[in-house]
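> Quick one: sequence plus predicted model below, questions after.
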Amino acid sequence: MDEDIEFSIKPVTDPTTAAVATFDLQPEGRTFAPPVTITFHVPDEAGVTRTAIEGLGIAYRNADGQWQWLNNAVCNAGAKTLTVEVDHFCEFSMLEGFQLIPISANVQVNETLPLQVMTCKSPDKEDDVLASLVYKPYPVEDISVSASKWSVNDVLGGNATLGTITGSGLSATFTAPATQPDPKTVAASVELNELGHQEKILLFSLITIGQEGYHGEFQVSATGPIIAWTGTGEATWTLNDEGEFDISGTITPDEDVYPIGDCNCTLDERTKSFENMGQVRDWTDPPTVYWVIPTLIWSATCV
């Protein structure tokens, strides 16, 4: 008997850590004979996925709430699509079958970062079109998967400017350069080879390199009840073991002689040192940020 059926497609937010896009297709449990085709379009936006299209796959959530990987998905790299035939509706997700973990990280200059190829699908079972899927990636243990060409910004092994990378099988170590590169974010990548698949899968991790310290000049001014003066400061910020910055530097007034009344006063010591002194104050009208160092005192000889 003919009947009207209302179909709906709703996006689902972050069902798993490996999901690129997930949709809930309703009515759940509705079966089809012959099967229907579902097509996912891989987004073009940079940073949406750290896995080349050949490393993506499609999975569905079964009646027990577990994700199941579909081995019959077809990848069209030219059209940037993944297509699969299904005989029922439920939640379907396009996922990163393999990932380079961490997918993004922040490191300081000269620091090291371990990288590991991870998977979201178990090894394929003989005569089984489904393989179990976990919520979080886990280390690859399948000997049919190998890694090669560990690179930084497509430079094999990296270099002193971008940072270097040394790989051993499915893991590697990234070493940040001695100075912050420009731009400060680099892409560490690896080529994955899966037995039985002609295409190589490119995985990458975005690594932002910070400065361990900073040195620069700043201008200082002070207005008191008797005199007003300006000067130049130098400061060095150094990252400590607690992840905070220690600050040290000097302040030098622009002049060393100041008239006060009928006298000329000469500074006894023109340059003063400071360490971890002062505070940042914010005036909102107009919006201005000041670094205030209130406790430095100059002495002078007046004649």
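Thanks, I have it. Residues are numbered from 1 along each chain as shown.

> pLDDT weak spots in the stretch 201-303 of the chain?
212, 241, 243 (pLDDT under 70).

> mind listing the strands for the stretch 1-150 of the chain?
When assigned using DSSP state E, counting those that start in this stretch, the strands of the stretch 1-150 of the chain occupy the ranges 8-12, 19-26, 31-41, 56-61, 67-70, 74-76, 81-88, 91-96, 98-101, 104-108, 112-121, 130-139, 145-152.

> Take the ones you listed and write them to JSON lines, including mean pLDDT.
Shown next, in JSON lines, are those (pLDDT from 0 to 100):
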{"stretch": "strand 8-12", "mean pLDDT": "86"}
{"stretch": "strand 19-26", "mean pLDDT": "83"}
{"stretch": "strand 31-41", "mean pLDDT": "88"}
{"stretch": "strand 56-61", "mean pLDDT": "82"}
{"stretch": "strand 67-70", "mean pLDDT": "79"}
{"stretch": "strand 74-76", "mean pLDDT": "84"}
{"stretch": "strand 81-88", "mean pLDDT": "90"}
{"stretch": "strand 91-96", "mean pLDDT": "82"}
{"stretch": "strand 98-101", "mean pLDDT": "82"}
{"stretch": "strand 104-108", "mean pLDDT": "85"}
{"stretch": "strand 112-121", "mean pLDDT": "85"}
{"stretch": "strand 130-139", "mean pLDDT": "51"}
{"stretch": "strand 145-152", "mean pLDDT": "89"}
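
> Quick one, which of the ones you listed gets closest to residue 244.
strand 104-108 (13.0 Å; C-beta to C-beta). Where C-beta positions appear, they are placed from N, C-alpha and C, glycine not excepted.

> how long is stretch 277-286 end to end?
25 Å (C-alpha to C-alpha, to the nearest Å).

> Check the offset of it from the chain's centre.
On the basis of C-alpha atoms, centre = their mean, to the nearest Å, stretch 277-286 sits 31 Å off its chain's mean C-alpha point.

> how's the chain carved up into domains?
8-96, 98-119+137-210, 213-302 (automatic domain parsing).

> what would the ones you listed look like in JSON lines with mean neighbour count?
Listed next are the domains of the chain as JSON lines, based on neighbours: other C-beta atoms under 10 Å:
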{"stretch": "domain 8-96", "mean neighbour count": "16"}
{"stretch": "domain 98-119+137-210", "mean neighbour count": "17"}
{"stretch": "domain 213-302", "mean neighbour count": "12"}
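
> coming back round to it: any idea which of the strands of the stretch 1-150 of the chain gets closest to residue 295?
Of the strands of the stretch 1-150 of the chain, nearest to residue 295 by C-beta to C-beta is strand 104-108, at 30.6 Å.
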